[in-house]
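Engineer: Got a predicted structure here, sequence first:
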Amino acid sequence: MAPGGISVRPIADNRRLDAEKTLLRKVGEAIERFRMIREGDRVAVALSGGKDSLAMLEALLLLQRRAPIQFSVCAFTVEQGKFLRPFEPMAEWLKARGIDWTYHQDRPSLRLLEEQPDHGCDLCSRFRRRAVYEIVRGLGANVIAFGHTADDLCESFLRNALFTGRLSALPAVTWSRKREFRLIRPLIYVSEELTKRIAESLGAPVIPCGCSERTGTVRKSLRSLLAELEREHPHIQDNLLAALGNIEPSRLLDVRYLNGDGFEAKQVSAELFPIVAE
Ligand code: SF4
């Protein structure tokens, strides 16, 4: 107790609470803005064992208790043979916290790794997608939450613009091909600096994935470019995120978004923005 009878929390506790508050605010904003979660949903969190998906799971569990709507949360992990450490410590940690979690060893992926150790991301992602849909179907969930962060969004925007000639990033909400599952990215406004702080404060035994250590050179260059700019101009990433939600089609060159006079088309097409069709 501090002089004057005011109770003072240790600095570490205050930092943890601040990080948690920021996380909940940013995740809540994304969920609300894009209607990611709706009454009666069962949300399956794709838990890779890394800091991002752990922070996402934590945020969704906390929001579930506070949200004005009812939804349930479960988590699952797909083992594709890429983890650098045994998953047991994480399994124990999840069990101790009473989290509804499923671990699935994907045999086709493990076979793929054995037969074609140098397979690329395309093949790996295809195998993972198939496994994910199968698991989530078994869990009775209708929503799948992926842990892509604001850093991923910015990096993917720059990569698409600079290397593929498209202004595009990652969808906040989308659907699996037959609209069986709603796919959501609740961390789109959350930085990796924050997920790191959250994972540390949870004391979770984060499991590294071998692939994150051999990330492509383009990805590395874009990340370091952003980090370097951010050192000189704080909030660069926040500004980029804001820009992604504030496009001015009349100052771009895509005639699909312009009427015949070069002005912005007033009619927003549901095909261009699938989310408004909901
Ligand atoms: S980075 Fe590794 S785990 Fe991720 S898609 Fe590529 S091969 Fe698969």
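Structural biologist: Received the coordinates, thanks. Please read all numbers here as calculations on a predicted model, not as lab measurements. Numbering: from 1, shown residues only.
Engineer: Which stretches in the chain count as strands?
Structural biologist: 42-46, 72-79, 101-105, 143-145, 173-175, 182-184 (DSSP state E).
Engineer: Just the buried positions in the fifth one, please.
Structural biologist: If I follow you right, that is strand 173-175. Within strand 173-175, the residues scored as buried using 16 or more other CB atoms under 10 Å are residue 173. The C-beta positions use only the backbone N, C-alpha and C, and glycine is treated the same way.
Engineer: List the pairing partners of that strand within its sheet, with orientation.
Structural biologist: Strand 173-175 sits in its sheet next to strand 182-184 (antiparallel), going by DSSP bridges.
Engineer: Hmm, residue 152 is touching residue 172, no?
Structural biologist: No: applying CB atoms under 8 Å, one finds residue 152 not in contact with residue 172, separated by 11.9 Å.
Engineer: so which of the strands of the chain gets nearest the ligand?
Structural biologist: strand 72-79 (9.8 Å; CB to the nearest ligand atom).
Engineer: Could you list the buried residues of the closest one?
Structural biologist: 73-79.
Engineer: for stretch 22-34, same thing?
Structural biologist: 22-24, 26-28, 30-31, 34.
Engineer: How about stretch 117-127?
Structural biologist: Here stretch 117-127 shows 124, 127 as buried, counting by 16+ other CB under 10 Å.
Engineer: The buried residues of stretch 22-34 in helices, which ones?
Structural biologist: 22-24, 26-28, 30-31 (DSSP state H).
Engineer: Let me have these in TSV, extended by distance to the ligand and pLDDT.
Structural biologist: Shown next, in TSV, are these (distance: CB to the nearest ligand atom, whole Å; pLDDT from 0 to 100):
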residue	distance to the ligand	pLDDT
22	27	97
23	24	98
24	28	97
26	24	97
27	23	98
28	28	97
30	23	97
31	25	97
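Engineer: of all these, which comes closest to residue 59?
Structural biologist: residue 27 (4.2 Å; CB to CB).
Engineer: Return the distance of the spatially closest residue to the closest one that is not a sequence neighbour relative to residue 170.
Structural biologist: Among residues not flanking residue 27 along the chain, residue 59 sits closest, at 4.2 Å (CB to CB, 6 or more residues apart in numbering). Residue 59 sits 18 Å away from residue 170, going by CB to CB, to the nearest Å.
Engineer: Same question for residue 52.
Structural biologist: 13 Å.
Engineer: cool, residue 62 as well?
Structural biologist: Between residue 62 and residue 170 the distance is 24 Å, computed by CB to CB.
Engineer: now stretch 60-80, how far from the centre of its chain.
Structural biologist: In terms of CA atoms, centre = their mean, to the nearest Å, the gap separating the centre of stretch 60-80 from the centre of its chain is 14 Å.
Engineer: cool, and stretch 140-155?
Structural biologist: 3 Å.
Engineer: Repeat that for stretch 99-118.
Structural biologist: 21 Å.
Engineer: First-to-last residue distance for it?
Structural biologist: 34 Å (CA to CA, to the nearest Å).
Engineer: Tell me the confidence at residue 275?
Structural biologist: Per-residue pLDDT puts residue 275 at 38.
Engineer: what residue ranges in the stretch 1-150 of the chain score low on pLDDT?
Structural biologist: Residue ranges of the stretch 1-150 of the chain with pLDDT under 70: 1-11.
Engineer: Just the residues contacting stretch 93-106, thanks.
Structural biologist: Under the contact criterion CB atoms under 8 Å, 6 or more residues apart in numbering, stretch 93-106 has outside partners 47, 57, 61, 73-80, 87, 91, 127-128, 131, 135, 138-139, 204-205.
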